Structures are given as C-alpha cells and as structure tokens.
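A.B. asks: build me a model from this:
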Amino acid sequence: QVQVMESGGGSVQAGGSLRLSCAASGYPLCSYTMSWHRQAPGKEREFVSGIGRDGSTSYGDSVKGRFTTSQGNAKNTVTLQMNMLKPEDTAMYYCKAVCRRGSVDYEYWGQGTQVTVTS
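C.D. replies: All right, here's what the predicted structure looks like:
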C-alpha cells in the first residue's frame, strides 16, 4: 500500500518562511514524480509546484519567485521551501505522488498539512 506523508506545516506571520516535506513509500518499484497542491476554504485545489522525472521544476503563478521545490535527500521525498509568505497562502497543502507502471499513472495523495499565515 502506498503512503504519502506531509510534514512541516504551521502558523507564521506574513513575510516569514516555512518548509514542508513529503515522502512517498510502499511500492519499491516506483520512482515517483511528486508535486504540491493547496486548497483554501471555499476554493478549488490549485497546483503549487512539481518536479518532473527529469528533475525539472514548475510553479504556479502565485508562488513563483517565493517558493522552491526540490528533491529530498532520500529517494521519493520532496521539499517545499516557502518564503515571503502572504496571508493568501493560507491553505491546506497536499503532496501528490504519481507512480507510472507500464503505461498507467497511479496517483496517491497525502492527508495534507495546514499552513496559516497571519497578517
């Protein structure tokens, strides 16, 4: 069974920083591609950042220049460094891990970690 676990959320004042981590485990033959998404109350889930199989990174427009995603030290881990946080960054942050088996992509989501930015 695949598990995706996020950690590192919390509360911070505007302008501050937080670092989130995510680890995927449970299917040893997978090399996951991983991404971050967030959902604020009353809003749809939105893409935050991702790392492709070639190591390339991508970001949502609202976080470009402030957030950085990178591979963690362990296999199938990813971090999200969030700087210059704004109150509008307040949301539940979710990690998604995608395992490709043959021609099929299997998606797995974590339970989420809350990020609250106060003004």
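
A.B. asks: now do the contacts for the residue positioned nearest the centre of the chain.
C.D. replies: Centre of the chain computed as the mean C-alpha position; nearest residue by C-alpha atoms, centre = their mean is Trp36, 2.5 Å away. By C-beta atoms under 8 Å, 6 or more residues apart in numbering, Trp36 lies in contact with 20, 22, 47-50, 69, 78, 80, 93-96. Backbone N, C-alpha and C define where each C-beta goes, glycine included.

A.B. asks: closest to Ser119 among the residues you listed?
C.D. replies: Tyr93 (19.0 Å; C-beta to C-beta).

A.B. asks: tell me the buried residues in the helix or strand hosting Asp105?
C.D. replies: Using DSSP states H and E, Asp105 falls within strand 104-109. Of the residues in strand 104-109, those buried by neighbour count under the rule 16 or more other C-beta atoms under 10 Å are Tyr108.

A.B. asks: pull it out as CSV, backbone CA atoms only.
C.D. replies: C-alpha atoms of strand 104-109 as CSV (Å, rounded to 0.1, in the frame of the first residue of the first chain):
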residue,chain,number,x,y,z
VAL,A,104,-0.7,3.8,-16.5
ASP,A,105,-0.1,6.6,-13.9
TYR,A,106,-1.3,5.9,-10.4
GLU,A,107,-1.9,9.0,-8.2
TYR,A,108,-1.6,9.0,-4.4
TRP,A,109,-2.4,11.9,-2.2
